[in-house]
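# sequence first, predicted coordinates after that:
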Amino acid sequence: MSDFGERVLDVVETVPRGRVVTYGLIADLLGEGGPRQVGRVMATDGPAVTWWRVVRANGTLPPHLMTDAQLHWREERTPVVRGHVDLRRALWNPRDP
DNA sequence: CGTGTGACTGGGC
DNA sequence: GGCCCAGCCACAC
């Protein structure tokens, strides 16, 4: 696993229950790579972490993940509107807390 | 070394 | 909301 990959997973681990971050936000926070590199990390190592707390800029995930993700979102009381995460309420900025 | 690909994004219509 | 497109960059052929 690359150092970049470990830093991505570290950020994911800091996201609280019921909140989410976007691919682009993680890339900005790390100041390296980009959304696609973050996506590549999630594709290979996502299953090892709370992957459903990382979503696209519009609150969705690729189709094959939506079903499982929605179960987790419901269990965590993550703000969801019409099947996708309501980013205006659920987005968590790691710099804020 | 060129090309295609993908858990992406922002802009334009 | 949708579709298209350029930009993105590591990786596999």
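Arrived safely.

# close to DNA strand B: what parts of chain A are there?
A:22-24, A:34-36, A:38-40, A:42-43, A:46-47, A:51, A:54, A:56-58, A:61-62, A:65 (C-beta under 7 Å from any atom of the strand). (Glycine included, C-beta is placed from N, CA and C.)

# which ones among those are found in helices?
A:23-24, A:35-36, A:38-40, A:42-43, A:65 (DSSP state H).

# buried subset of the residues you listed, written for ChimeraX?
To isolate the buried members of those in ChimeraX, using 16 or more other C-beta atoms under 10 Å:
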select /A:23,35,38,39,40,42
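
# tell me which two in the ones in helices among the residues of chain A next to DNA strand B are the farthest apart.
Using C-beta to C-beta, these span at most 17.6 Å, a distance reached by A:G24 and A:L65.

# model confidence for whatever residue of chain A ends up closest to DNA strand B, exactly?
Going by C-beta to the nearest atom of the strand, DNA strand B is nearest to A:G46 of chain A, at 2.4 Å. At A:G46, the model reports a pLDDT of 96.

# what is the burial count for it?
By other C-beta atoms under 10 Å, 18 other residues sit near A:G46.

# residues contacting it?
By C-beta atoms under 8 Å, 6 or more residues apart in numbering, the contact list for A:G46 reads A:V54.

# 7 Å - rerun?
By C-beta atoms under 7 Å, 6 or more residues apart in numbering, no residues touch A:G46.
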